[in-house]
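K.L.:
Next input, structure requested:
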Amino acid sequence: MKKSEEFLKEHKLRSGDINMQEMVDNFTSEMTEGLGGGNSSLAMIPTYIEADNKFLKETPVVAIDAGGTNFRAARILFNKNNKLEINSVVNDKMPGLEGEISKEEFFETVAGYIKDLTKDVERIGFCFSYPTEILPNKDGILVRFVKEVLAPGVIGQLIGKNLLETLGTPEKQIVLLNDTVATLLAGKSASVNKEYDSFIGYILGTGTNGCYIESNRNIVKKGELDQTKSQIINIESGNFSKIYQTDIDSAFDNSTTDPGVHKFEKMIAGGYLGGLCLLALKTAATEDVFSSLASTGILSLNSLSSEEVNNFLSNPSSGSSPLHGCITEKADRENCADIIDNIVDRAAKLVAVSIAAIILKTGKGKSSDRPILITVEGTTFYKMHNLRKYFEKHLDTYLDSDKKRYYEFTEVKQSSLVGAALAALIN
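P.N.:
Below is the predicted model:
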């Protein structure tokens, strides 16, 4: 039997096979190119949300969180003591999940969910986490739905304008944003009692994305912007493509429904890590890494989720993962755990690459008195075995000496809903 170490070295699946400086440079150059409107895998989408402004207090707003298959809304108030008051919470499902509906049906359903909440409220914050082109007036045009929402008539439509007209209140103010931007704002709201130099929002769950505050003068593709101000930039970091893919990464990418797209996300996010690990294990099974019995079991598996990978990695000896059912020998368990652990470690280093590049791009966090606050959401970041520990090791090692930066991490409950409210409360 070939040892896992030899297999990992041959296929370059270890974190040590990644040149962090080279990857940070590549990520940074793609950010700059995207801000300039050039040919970049990072879209660097302006949100027109000026996060450096103050939040209005004692002004009720309606916050909406629509993403995936769930719809939530609430009345929220940022009180004089800098605390959020959340009331009248609505939980329902996204319209269009049980069959195709028309544009009118879509907006009538959403309006029905929130109509009672909007009485005596002039501002609405809408965290709309589907691909959307955000406009300078903070409304947005839907590019496409995901997560099996079937309402094709909504594609190409102004989301905010149509919703307000359906409510019969076109004079109200509405701000559209995505969950990553909402995460940044939620972190900002939780930091009112401490001085921070800047803010970053980061998602690592089923997918991944990041956002940060950028000076308008660096957003070259939008020359009409006020050069003295700044705004949140939605990076769309999951699509970063200037990255080395191993033979296993390429084979896995080609097995997905969108080959060549979201290469970075397919190497780090929860929606893909299970499948990537399974392909690596099947490859190892064909290269004599496991016993014949374990190889047969692994090759018979049709799927493996990131949760199941996590279950095995957390306790290789016993558990409910499909891997527990086909791997019984100690040597096989150790080889299997070693391969998966290295893929998780590599993912953690790639996450560190993206966050290090974002931190350095802000130009902030050079004083311990004013660190950067990074708000992170996503089960993969918090739940995947050892990922956060490995990530912090790689980030701390890289951001040292001449690149020393000060930063803190936080998590905010209901960040999408809270961030949506705060987007509407920016004065």
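K.L.:
Just give me how far the lengthiest helix in the chain sits from the chain centre.
P.N.:
Scanning the chain for the helix with the most residues, using DSSP state H, yields helix 330-362. The chain centre lies 17 Å from the centre of helix 330-362; the measure is CA atoms, centre = their mean, to the nearest Å.
K.L.:
Next SSE downstream of it?
P.N.:
Counting by DSSP states H and E, the next helix or strand C-terminal to helix 330-362 is strand 372-377.
K.L.:
for the record, mean pLDDT for the longest helix of the chain?
P.N.:
Per-residue pLDDT over helix 330-362 has a mean of 97.
K.L.:
Next, the angle from that helix to strand 372-377.
P.N.:
130 degrees (axes from the mean of the first three to the mean of the last three CA atoms, to 10 degrees).
K.L.:
And helix 330-362, what's buried?
P.N.:
For helix 330-362, a neighbour-count test (16 or more other CB atoms under 10 Å) marks 332-333, 335-362 as buried. Just so you know, the C-beta spots here come from the backbone N, C-alpha and C atoms, and that holds for glycine as well.
K.L.:
what does stretch 260-279 give?
P.N.:
262-279.
K.L.:
where does the stretch 1-150 of the chain have low pLDDT?
P.N.:
Applying pLDDT under 70 to the stretch 1-150 of the chain flags the ranges 147.
K.L.:
For it, just list every one of the helices.
P.N.:
With DSSP state H, counting those that start in this stretch as the definition, the stretch 1-150 of the chain shows helices at residue ranges 4-10, 20-35, 103-114.
K.L.:
Ok, which of these comes nearest residue 210?
P.N.:
Nearest of those to residue 210, taken as CB to CB: helix 20-35 at 10.0 Å.
K.L.:
Tell me which other helices or strands the closest one touches.
P.N.:
The contact analysis (3 or more CB pairs under 8 Å, 6 or more residues apart in numbering; DSSP states H and E) places helix 20-35 against helix 330-362, helix 387-398.
K.L.:
Strands of the chain, residue ranges please.
P.N.:
45-46, 61-67, 70-78, 84-93, 123-128, 132-134, 140-142, 173-177, 198-204, 208-215, 230-234, 372-377, 407-410 (DSSP state E).
K.L.:
which residues are contacting the second one?
P.N.:
The one in question is strand 61-67. Strand 61-67 is contacted from outside by 71-77, 94, 110, 114, 117-118, 121, 123-130, 147, 178-179, 182, 414, 416-418, 420-421, 424-425, using CB atoms under 8 Å, 6 or more residues apart in numbering.
K.L.:
Please apply the same query to stretch 238-252.
P.N.:
Contacts for stretch 238-252 (CB under 8 Å, 6+ apart): 11-13, 18, 23, 26-27, 29-30, 41-43, 207-209, 253, 261-267, 269, 272, 275-276, 279-280, 283, 350, 354.
K.L.:
quick one on the thing from earlier: between the helices and strands packed on helix 20-35, which one is closest to residue 3.
P.N.:
The closest of those to residue 3 is helix 330-362. By CB to CB, the value is 7.0 Å.
K.L.:
Do I have it right that residue 135 meets residue 142?
P.N.:
No. Using CB atoms under 8 Å, residue 135 is not in contact with residue 142; the gap is 11.9 Å.
K.L.:
Between those two, which is the more surrounded one?
P.N.:
residue 142 (20 against 15; other CB atoms under 10 Å).
K.L.:
Correct me if wrong: the more buried one contacts residue 134.
P.N.:
No. Applying CB under 8 Å, one finds residue 142 not in contact with residue 134, separated by 11.0 Å.
K.L.:
Please name the nearest non-neighbouring residue to residue 164.
P.N.:
Closest residue in space to residue 164, ignoring its immediate chain neighbours: residue 170 at 4.9 Å, by CB to CB, 6 or more residues apart in numbering.
K.L.:
err, residue 182, not the other one
P.N.:
Closest residue to residue 182 apart from its sequence neighbours, by CB to CB, 6+ apart: residue 419 at 2.6 Å.
K.L.:
same thing with residue 284?
P.N.:
Take residue 284 and drop its neighbours on the chain: the residue closest to it by CB to CB, 6+ apart is residue 7, 5.2 Å away.
K.L.:
likewise residue 418?
P.N.:
residue 186 (4.3 Å).
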